[in-house]
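Undergrad: Please find the sequence and the predicted model below.
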Amino acid sequence: NVAVQWHRMGLQARYFGAVGEDATGALMRQAVLKAGLADEMEILPGTTTVTLLEEVAGDRRFLLEDLGCGLHYIPDAPRMQALAGASWVHLGTNTAPALVRDLVGQGTRFSLDLSTRHQEQDVTGVPLVLASGQGAPRAEIAALLERGARQVVLTCGAEGAFFHDGATLHHVAAAPAQVVD
């Protein structure tokens, strides 16, 4: 969804990932093409990652997450070279820890979305960590900074969003909105 939004904003965007040789993989590839991005996904043996979500009181709850062939995915050499030369790279929640370490080591500018899984990745040296707040924004941000994140964005639903730029904590209130499904 990040690559699609960047593309819609007129930015040059690419999407890399792994899909299986199954119907779900074909659906993903079609969706990427429909969104206007090139199909640059690697087709690997196994099944495509599937996530099943339930909406509960305005928030999402993960019912199932099968990472399939995407588990521990590391892009091939040409894609890694493209990542190294990108202005910015965004990584999803289930990114292989080895890929995070490689990008930190290369000095690549990137963000890592932890979602609600704040403890599952080593964030040492990560330029920008994105996470969903779980009730104690200032403490959650402090913990991520202590673990080595350089900057942190924490989204907190009705409480708005917080951004720590490495020196100062900033807060933006949530905009009132009538939510429509």
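TA: Received, thanks. Numbers count the residues shown, from 1 in each chain.
Undergrad: Next, the buried residues of stretch 7-21.
TA: By 16 or more other CB atoms under 10 Å, the buried positions in stretch 7-21 come out as 7, 13-20. For the C-beta atoms, the positions are set from N, CA and C on the backbone; glycine is no exception.
Undergrad: Return the list of strands paired to the helix or strand bottoming out on mean pLDDT in the chain, each annotated with direction.
TA: Lowest by mean pLDDT, DSSP states H and E among the helices and strands of the chain is strand 59-66, with a mean of 82. Applying DSSP bridges, strand 59-66 is found paired with strand 50-56 (antiparallel).
Undergrad: How about residues contacting the partner strand?
TA: Strand 50-56 is contacted by residues 24, 60-66, 68 when judged by CB atoms under 8 Å, 6 or more residues apart in numbering.
Undergrad: Next, the distance between the ends of stretch 166-175.
TA: This stretch, stretch 166-175, spans 25 Å end to end (CA to CA, to the nearest Å).
Undergrad: now stretch 18-28
TA: Taking CA to CA as the measure, stretch 18-28 stretches 10 Å from start to finish.
Undergrad: Could you do stretch 163-177 as well?
TA: End residues of stretch 163-177 are separated by 21 Å (CA to CA).
Undergrad: quick one: average pLDDT of it?
TA: Mean pLDDT, stretch 163-177: 95.
Undergrad: tell me which residues in it are buried?
TA: 163-164.
Undergrad: Stretch 55-70 now?
TA: So stretch 55-70, judged by 16+ other CB under 10 Å, has buried residues 67-70.
Undergrad: Who are the contact partners of Asp102?
TA: Contacts for Asp102 were tallied using CB under 8 Å, 6+ apart; they are 74, 80.
Undergrad: re the thing from before, tabulate the buried residues of stretch 7-21 (CSV), appending distance to Ser111 and pLDDT.
TA: Converted to CSV, those look like this (distance: CB to CB, whole Å; pLDDT from 0 to 100):
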residue, distance to Ser111, pLDDT
His7, 17, 95
Ala13, 14, 94
Arg14, 15, 92
Tyr15, 15, 92
Phe16, 15, 89
Gly17, 16, 90
Ala18, 20, 93
Val19, 23, 95
Gly20, 26, 95
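Undergrad: Just those residues: which are in helices?
TA: Among these, DSSP state H puts His7 in helices.
Undergrad: of all the buried residues of stretch 7-21, which comes closest to Leu154?
TA: Ala13 (24.2 Å; CB to CB).
Undergrad: wait, isn't the closest one in contact with Leu37?
TA: Yes. Using CB atoms under 8 Å, Ala13 is in contact with Leu37, at 6.5 Å.
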